[in-house]
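here's my sequence, what's the structure:
(chains A, B, C and D)
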Protein chains: 2
Amino acid sequence: MGWARVADGRSATIKDVAAAAGVGIATVSRVFSGGSVSASTRERVLAAAAELDYRPSALGRGLKLRRNGGIGLVLPGVTDPFHAELLAGVLASARTLGGHVIVEASDGDPAQEAEIVDRLVEQRVDGIIALPAGDEADWRAAVRVCSSVVFADRVLPGLPEIPAVLADDAGGVRSLVEYLAGLGHRRIAFLGGAAPGERPGVRERAFRDALARHGVPVEEDLVVAARPARDAAYAAAAGLLQRRADVTAALAAGHLLGEAAVLVARELDLRVPADVSIAMVDDVAWAELCDPPLTAVARPGRDIGHRACELLLRDRARRGRGAPVLLPTELVVRGSCGALRGARR
Amino acid sequence: MGWARVADGRSATIKDVAAAAGVGIATVSRVFSGGSVSASTRERVLAAAAELDYRPSALGRGLKLRRNGGIGLVLPGVTDPFHAELLAGVLASARTLGGHVIVEASDGDPAQEAEIVDRLVEQRVDGIIALPAGDEADWRAAVRVCSSVVFADRVLPGLPEIPAVLADDAGGVRSLVEYLAGLGHRRIAFLGGAAPGERPGVRERAFRDALARHGVPVEEDLVVAARPARDAAYAAAAGLLQRRADVTAALAAGHLLGEAAVLVARELDLRVPADVSIAMVDDVAWAELCDPPLTAVARPGRDIGHRACELLLRDRARRGRGAPVLLPTELVVRGSCGALRGARR
DNA sequence: AAACATCATGGAATCGTTTCCACGGGAGAG
DNA sequence: CTCTCCCGTGGAAACGATTCCATGATGTTT
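Here you go, the predicted structure:
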């Protein structure tokens, strides 16, 4: 079993087609990759090809042209709705640009990521789009071997020269803080801060900045560290809402954190938004199904994928020049945040 | 720009390594693809390779071996949580089996699907896993050209010889009907039936069977047709719940239908489960976040991807023999279904 | 009418591997 | 001591495409 066969049991090659059509292989090649061929010859060749069920081999072509014609996409995973959106964007874009996409999941693990990049390099992909997990040294090495790398949604601080397409997370968080502050909230918690040792992420910094801009001092106790994982998020949310009965609003830095906040609030019998307002970054499907529907900042996952792909395949020239592409976020106001009347207790 | 270079500006090839190590290219090949080489030689070759940053080219190898070493995965899309799970399963499985995955989204459109398959054939993938959109003729042609096809989650009735990995949807629906019947429900609606002209799907048939088995006659008015798309689902749910105030339970055939049911119920101020019980097929993340949390049938998306991939890459021998692989579903009981006390109005 | 530009065409080299085959040398058996 | 046998090794031929270059046949210009 396997591919379509000619008499000797192998799939038809350009040679078979040439013989069948009574022309040279160069002519067949021209027919299929757009050289100049007379109409009558082209017709004969196409007829022979159809007869033999011939499909040009991307392997042969790739070897000669020294490129694979596809790109590699490295994501932490594909089940997260945001990553799935990004993937969808890349897929759509790659298709219109005529390339295929090899998808790999790193699970957020630098070691797996390094292995993945190695394999993509062996495949001789035309470029790599990555949501990098973390190891800068590995990426530095990868870039030395394959210069066509674009980061999506996340950058590595040590590699500013790599082109990137990002969501304007800072802007999103800022608009969220302004919205909450506008409703009268002052004791706003941030779910998803950096662990004690690490440096704070974009969203946390934006949170602090925005708060400061509104003249609200940042209480360190209200910035709770949490990795974006279900258990950690739940623990963080539970800890916060139990410890500080006086917070009037919680801003979750991601949809897993938001999910945790909603569940914990329900568990503690806190009414949303009467007792506590909740809002989050990432506008996922369930935000609308929640009761009450959750206010969220929508991040343009699909567009990020789209732009990253275009940057990689089309705008090679403009690549690497200047700052990362920043795509706007959108504040989607729903029912989970209310105007402040008084403290919770 | 591009790949790592040797002196003349090209990426290092097996020849360069051979020259640098003072051996023949055959020996280098053996080192990298597991032939027998003396320890000292192997070491010299590896040193030279490391020095030159050599990576064997998958294109050269693929051409010689006449296979790509990867598989193609054709899905309607990647943003649907179930499809994303399936994709994750394929990715994980392919990785442990040492192959890469080319992912393509067909958007459920047979024409796009046919084009995708053509491209995968040109890539000479080792096999294709597909959640087929519909056109049997195209798949029949594809299978003639590349026998390594496995269907996942869905089969085409005209192609029973193609191996497939499916969720036991019938069993899932049955257990859901039994659960609802056990709670005393008799007027149970089914959201997501076939349109008038088409033949009913597995889930609808299972629904009718299970109901019949419980001695409940099927009211045609309670089986509402709806494609699994947001607008259609919403219209169907709204139509049903407004038309028939007497239904006590609604079984949604998919998560989009379930979402619609929840939204419509909320809009009509129906209390769940006091006024109407809701349950659905597909246990997606928001089912747990809903208020009340939704009872659902979990379908093993990840496992389906896993098994499909193994069937394709590992169990080639056993492939195609016998009936499709059926993977069990699981009824996840939450709070959205209640015991029947009396009619809704 | 002669010289020349244009164009379709085929031959052959090339891309980077794998693998068959031949060859040489060291070790074990008779 | 010699005859095998085996193992490590290298040369060379594929694999299926693209593309440069030469060639012969057109058609055009003076």
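
burial count for A:Gly215?
A:Gly215 has 8 neighbouring residues, counting by other Cβ atoms under 10 Å in any protein chain shown. Placement of C-beta: from N, CA and C, glycine included.

now do the SS call for it.
Using DSSP: H, G, I helix; E, B strand; the rest coil, the structure places A:Gly215 in coil.

and the longest helix for chain A?
Longest helix in chain A, counting residues (DSSP state H): helix A:81-96.

which secondary structure elements does that one sit against?
Other elements packing on helix A:81-96 under the criterion 3 or more Cβ pairs under 8 Å, 6 or more residues apart in numbering or on different chains; DSSP states H and E are strand A:70-75, strand A:100-105, helix A:301-313, strand B:100-105.

now do the third one: distance to the chain's middle.
Shown here is helix A:301-313, whose average C-alpha point lies 9 Å from the average C-alpha point of the whole chain (Cα atoms, centre = their mean, to the nearest Å).

over to stretch A:174-184?
Relative to the centre of its chain, stretch A:174-184 is centred 27 Å away, using Cα atoms, centre = their mean.

that older thread, closest to A:Gly172 out of the helices and strands packed on helix A:81-96?
helix A:301-313 (12.7 Å; Cβ to Cβ).

wait, does the closest one contact chain B?
No. Helix A:301-313 lies apart from chain B when judged by Cβ under 8 Å from any Cβ of the partner chain; the minimum separation is 8.5 Å.

other residues contacting that helix?
For helix A:301-313, the external contacting residues (Cβ atoms under 8 Å, 6 or more residues apart in numbering or on different chains) are A:71, A:81-94, A:97, A:99, A:126-129, A:148, A:150-153, A:163, A:165-167, A:318-319, A:325, A:327.

picking up where we left off before, give me whichever of the helices and strands packed on helix A:81-96 is most buried.
The highest mean neighbour count among the helices and strands packed on helix A:81-96, using mean count of other Cβ atoms under 10 Å in any protein chain shown, belongs to strand A:70-75: a mean of 27.

which ones are touching whichever residue of chain A sits closest to DNA strand C?
Proximity of chain A to DNA strand C (Cβ to the nearest atom of the strand) peaks at A:Gly24, 2.8 Å away. Taking Cβ under 8 Å, 6+ apart, we find A:Gly24 in contact with A:Ala18.

which residue does chain A bring closest to chain B?
Using Cβ to the nearest Cβ, A:Trp286 is the residue of chain A that sits closest to chain B, at 3.2 Å.

that residue and B:Glu288 touch, don't they?
No. Judged on Cβ atoms under 8 Å, A:Trp286 makes no contact with B:Glu288 at a distance of 9.1 Å.

tell me what the closest residue to A:Val325 other than its chain neighbours is bridged to.
Excluding the flanking residues, the one nearest A:Val325 by Cβ to Cβ, 6 or more residues apart in numbering or on different chains is A:Val165, at 4.5 Å. Applying DSSP bridges to A:Val165 gives these bridge partners: A:Ala152, A:Val325.

how many other residues sit next to the residue of chain A closest to chain B?
Applying other Cβ under 10 Å, we find 22 residues neighbouring A:Trp286.
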